[in-house]
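Peer 1: My questions are about this predicted structure, shown below with the sequence.
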2 protein chains.
Amino acid sequence: MPPVSERTIEGILFTDQYQLTMAQLYFRMGLHERPAQFEHFFRSYPDYGSHQAGYCISAGLGSLLGWMDTARFGEEEIALLRGQQASGGGRLFHDDFLGWLATHGDFGALTLQAIPEGRVVHPHAPLTVVRGPLAMAQIIETALLNIINYQTLVATKAARIRESGGGQLVLEFGVRRGQGRGAIEGGRAALIGGADFSSDVGVSHALGFQPKGTHAHALIQTFLAMGQTELDAFRAYAELYPDDCTLLVDTINTLESGVPNAITVFEELRRKGHRPVGVRLDSGDLAYLSIQAAKLLDTAGFPDTSIVLSSNLDELIIWQVLTQIREEGARYGVDAERVIKRLVFGVGTRLITSWGAPALGGVYKLMALQHQGAWSPAIKVSDSAEKTPNPGNKRVWRIYDRRENASADLLALEDERPDQLDRIVLRHPSDPTKSRVIRRGEISSIEPLLVEVQHAGRRVYEQPTIEQMRELRRADVARLDPGVKRLVNPHVYHVSLSQQLWDLKQTLVAQVRD
Amino acid sequence: MPPVSERTIEGILFTDQYQLTMAQLYFRMGLHERPAQFEHFFRSYPDYGSHQAGYCISAGLGSLLGWMDTARFGEEEIALLRGQQASGGGRLFHDDFLGWLATHGDFGALTLQAIPEGRVVHPHAPLTVVRGPLAMAQIIETALLNIINYQTLVATKAARIRESGGGQLVLEFGVRRGQGRGAIEGGRAALIGGADFSSDVGVSHALGFQPKGTHAHALIQTFLAMGQTELDAFRAYAELYPDDCTLLVDTINTLESGVPNAITVFEELRRKGHRPVGVRLDSGDLAYLSIQAAKLLDTAGFPDTSIVLSSNLDELIIWQVLTQIREEGARYGVDAERVIKRLVFGVGTRLITSWGAPALGGVYKLMALQHQGAWSPAIKVSDSAEKTPNPGNKRVWRIYDRRENASADLLALEDERPDQLDRIVLRHPSDPTKSRVIRRGEISSIEPLLVEVQHAGRRVYEQPTIEQMRELRRADVARLDPGVKRLVNPHVYHVSLSQQLWDLKQTLVAQVRD
């Protein structure tokens, strides 16, 4: 057997073994082309331990569509499956099934609905709905979960970081700390969710951004090892990059060496007609050092140069740094808000890995199956009522209150039209005692969130640009209640069931329990 | 500009922008081919919050070597860099530098030493040492850190899970919960570090393993949606996979429905001459359910069928499950050790993401530079003594005590031969008051850990198989003190400096501080 190509590992065999054994069973029973509907949703927001998300940002759909376009059972894949042995002897996968995979083993027959990338999303509401032949709708599960869960996780973290940074520039610096090539997908998600730029050269070029960066300690060390100085290193860097000159000032001593040397070089740049960009602080008390560096730069006549902060930043640390600058600025004679307005956040490890909550935990559940010519809803009863999925073919509606803030997401059955009702009943998804009623007059608008992306294999969706996704994100985040956006212990956004969906769920649970 | 290919994003442009701007600066100063030495090491073990690692397992080198073989600045890469603009107008990267990259922009001139995959490794000791032309030795940093840090992290987690599971079979189930395609590299690392098999079809085939799996809840739901039963689903599965029949028993009710139905099917299999494999428990109190399922299976005459556990397992949860079985087994009339001997651990999210510590934080630091015909050691003084790297060209030695347990790792300068000394001084890396002396008679052996992998571009290393890496891991873990392997609050393994290295470090720090 020749070595397995990277393309094959990342193609349709980027899946769990059980998808294939189940698909063969469906094939054996003649169910493999039976129309089925699966939904992908997550059950809870990322909980980072000391802080918690109150909303998520959808991301990953574009990557999933790219994967679906090329993933199929080709000759190499079929040959590998043919080589798998059953424990009792003989082959695990049989020729008739492999023959079907060779001709039907792609995603060309699926219908896909999804909430577009960049939108605010909440637990229990489907992010993606897959309808199509049971076998292929089953096989797509693993890649779909992998791609959309992780990117949604990182986009969410990026949005939180952006919010806590008060809109100051955010640079994604995580490629070295990412989980393998997941860093590439994480870089994309960060750019959707809240990062302005990335240091990742490949990702930036692929998505049409200029990659960003400063320089490393190694540059200064190189000069020192040759008997030269930090100032020599800064000067050389400034000469080559006179209009892109951000200098890392903490190699020796930030306030006694780095910033004064940077100012010397900035003065030389200014005399030559250039505009120095800024300094980067990568260690120490970033709030204190920001204030002191700002003072030194102000005094030297550089009131507008940036101060880039890096070093294990996340939304909580950024919030602490800004709080400390606001509390201590006056004591050092600086205008805290002016210091903050020159900050740039370089965020690495904690963004790209979603530190504290490195997996979203989204699941993919069978919701309905065609049986005797009609859709038969599927149910799975769990040990806890919260984990019992909401059955049937559904739509997700977002209800905006009179201030045009998002007030609740409503899961309803496919044929319901809550936008035409005078009175909408919102049932809690698992607690039978909790419900509320919203009347027409309390609502500014009701919007369906799922859009059709692929219809029976035909792509019916124009892939938006990253900038368009960012616009969706900005608009959605702006329409969230401030309590939902709180970094720590956020207010719980309501995701509710329609009365009809609630009734269906109770009926099915009772049937299974009988 | 045509779209950027996936190959390009994952190739040499899988790097940080600042590597390229620094490389151009080295080029401009004529330093780009100056021999330099960088070291990659991590500063602390993964700390999962409620538990902490006391050792790591090295992994990722094979993937790094594969990347190095194909990563180079080809036409597409050069064209992308040519398109980058400087802020003041004109191009950021100039033709002379790009011309050099086009002809010298690969890793063919580097010398690489590394600690082989599967070996136990500790903080501050270099996992990889890169020597070669400054520009390319700098550019490799990002990919090297990304690949080796993440795989070492997952191999470490897998080793802990294996240890806490008492050597029972471990299955890696994480592909759906991994961080994008990082799951592929994570699957590889898990197989090195402690997982016996993976559910990832592509990774398993690429590494020569049979992929493993059971089935999902969706299979049962499909039958229920057609008006059939869990028993019908089990029966259909058993008919197709009579010798690979592991049944997921928690879709309806584990003890009242799932296990009894599985037993019915197992009896049918047995009558036909097959041997049922087991059941899988995916929710609820796994210790209690394991005991009860074992009792039911025992009573039915299946004392050897496996009980696969899944559902957010990690080393701490596995340890808790085993403890609870040992404490409660007798009360339910089962032999706890026999229950444990039939357990299999299916571990997903928490292994593939290294939940609690999703990045290793390894760094890559310039240690020495050729200057005026000799190696000049480089230093970076940090705000804390622990973060100041150990300078110079070094070797890592592992010292084994008379019981042949690993006693300490010693960092020494390249020309030192601690294996020929009668008396070895071990200095604490940062605390000047801490040192100890080991005499020859207290030692069974001293072993150098770094091996040469590539010499001036020539590969001088035969890539071991996964099984060979596992043998290294088993041997190294067996030679660790039990206290170092403790799941929670482990004993601190000593990583020490030789007296010569300590003296060099102090001299350099003093020089920089002058």
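Peer 2: Noted; the coordinates are in hand.

Peer 1: Which of the residues in stretch A:47-65 are classified as buried?
Peer 2: Using 16 or more other CB atoms under 10 Å in any protein chain shown as the test for burial, stretch A:47-65 gives A:48, A:51-65. To be clear about C-beta, it is placed using only N, CA and C from the backbone, and glycine gets the same treatment.

Peer 1: Out of these, which sit inside helices?
Peer 2: A:Leu61, A:Gly62, A:Ser63, A:Leu64, A:Leu65 (DSSP state H).

Peer 1: Is it possible to get those residues out as TSV so that each row also shows pLDDT and distance to B:Pro3?
Peer 2: Formatted as TSV, those follow (pLDDT from 0 to 100; distance: CB to CB, whole Å):
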residue	pLDDT	distance to B:Pro3
A:Leu61	98	18
A:Gly62	97	12
A:Ser63	97	14
A:Leu64	98	17
A:Leu65	97	14
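
Peer 1: before we move on, back to that, show me the subset of the buried residues of stretch A:47-65 that also lies near chain B.
Peer 2: The subset of the buried residues of stretch A:47-65 within reach of chain B, by CB under 8 Å from any CB of the partner chain, is A:Ser63.

Peer 1: Quickly check the buried residues of stretch A:47-65 for the two that are furthest apart.
Peer 2: Farthest-apart pair in the buried residues of stretch A:47-65 is A:His51 and A:Leu65; separation 32.4 Å (CB to CB).

Peer 1: Please work out which residues outside stretch A:459-467 touch it.
Peer 2: With CB atoms under 8 Å, 6 or more residues apart in numbering or on different chains as the test, stretch A:459-467 has contacts from A:62, A:65, A:116-118, A:188, A:191-192, A:207-209, A:451-454, A:472.

Peer 1: Which residue ranges of the stretch 1-150 of chain A form helices?
Peer 2: Assigned by DSSP state H, counting those that start in this stretch, the stretch 1-150 of chain A shows helices spanning A:6-10, A:17-28, A:61-70, A:75-82, A:95-104, A:134-139, A:141-164.

Peer 1: right, so the ones you listed: which one is the most enclosed?
Peer 2: Highest mean neighbour count of the helices of the stretch 1-150 of chain A: helix A:141-164, a mean of 28 (counted as mean count of other CB atoms under 10 Å in any protein chain shown).

Peer 1: circling back to that earlier point, hmm, which of the contacts of stretch A:459-467 are the buried ones?
Peer 2: A:62, A:65, A:116-118, A:188, A:191-192, A:207, A:209, A:453-454, A:472.

Peer 1: Check the buried residues of stretch A:47-65 against B:Lys394 and report the nearest one.
Peer 2: Among those, A:Tyr48 lies closest to B:Lys394 (CB to CB), at 37.4 Å.

Peer 1: ok, that closest one touching A:Ala357?
Peer 2: Yes. Shown here, A:Tyr48 and A:Ala357 form a contact pair, counting by CB atoms under 8 Å, at 5.2 Å.

Peer 1: still on that earlier bit, narrow the contacts of stretch A:459-467 to those in strands?
Peer 2: Judged by DSSP state E, strands contain the following of the contacts of stretch A:459-467: A:Val451, A:Glu452, A:Val453, A:Gln454.

Peer 1: quick one: the second one from B:Gln24, how far?
Peer 2: Between A:Glu452 and B:Gln24 the computed distance is 48 Å (CB to CB, to the nearest Å).

Peer 1: Please apply the same query to the third one.
Peer 2: Applying CB to CB, the value for A:Val453 to B:Gln24 is 42 Å.

Peer 1: what's the domain layout of chain A?
Peer 2: Domains of chain A are assigned by automatic domain parsing as A:33-71+A:106-155+A:357-513, A:213-341.

Peer 1: Work out for me the element A:Pro391 sits within.
Peer 2: Using DSSP states H and E, A:Pro391 maps to neither a helix nor a strand.

Peer 1: what about it, neighbour count?
Peer 2: 25 (other CB atoms under 10 Å in any protein chain shown).

Peer 1: Which residue, neighbours along the chain excluded, lies closest to A:Asp244?
Peer 2: In this structure, A:Asp244 finds its nearest non-sequential neighbour in B:Ser87, 5.0 Å apart by CB to CB, 6 or more residues apart in numbering or on different chains.

Peer 1: What is the neighbour count of that neighbour?
Peer 2: Residues lying near B:Ser87 (other CB under 10 Å) number 15.

Peer 1: My understanding was that it contacts A:Asp243; is that so?
Peer 2: Yes. If you go by CB under 8 Å, B:Ser87 and A:Asp243 touch, sitting 4.1 Å apart.

Peer 1: between those two, what contacts are shared?
Peer 2: Counting by CB under 8 Å, 6+ apart, the residues touching both B:Ser87 and A:Asp243 are A:Val277.

Peer 1: count of neighbours near A:Gln320?
Peer 2: 13.

Peer 1: looking at it, it is touching A:Ala287, isn't it?
Peer 2: Yes. With contact defined as CB under 8 Å, A:Gln320 counts as touching A:Ala287 (7.5 Å).

Peer 1: can you list the residues of the stretch 201-350 of chain A near chain B?
Peer 2: Residues of the stretch 201-350 of chain A lying near chain B (CB under 8 Å from any CB): A:201-206, A:210-222, A:224-227, A:236-237, A:240-244, A:250-252, A:274, A:277, A:283-284, A:349.

Peer 1: in the host helix or strand of A:Ser376, what's buried?
Peer 2: Per DSSP H and E: A:Ser376 is located in strand A:374-377. Within strand A:374-377, the residues that count as buried by 16+ other CB under 10 Å are A:Trp375, A:Ser376, A:Pro377.

Peer 1: What's opposite the last one in the beta bridge?
Peer 2: For A:Pro377, the beta-bridge partners under DSSP bridges are A:Ala368.

Peer 1: Run through the residues that contact it.
Peer 2: Applying CB under 8 Å, 6+ apart, the residues near A:Pro377 are A:Met367, A:Ala368, A:Pro391, A:Gly392, A:Asn393, A:Leu504, A:Leu508, B:Ala225.

Peer 1: Next one, pLDDT for A:Val381 please.
Peer 2: A:Val381 carries a pLDDT value of 68.

Peer 1: oh, I was asking about A:Pro358
Peer 2: At A:Pro358, the model reports a pLDDT of 98.

Peer 1: What segments of the stretch 301-450 of chain A are helices?
Peer 2: Using DSSP H, counting those that start in this stretch, helices in the stretch 301-450 of chain A cover A:315-328, A:336-341, A:349-352.

Peer 1: If anything else comes up later, I'll come back, but that's it for now.
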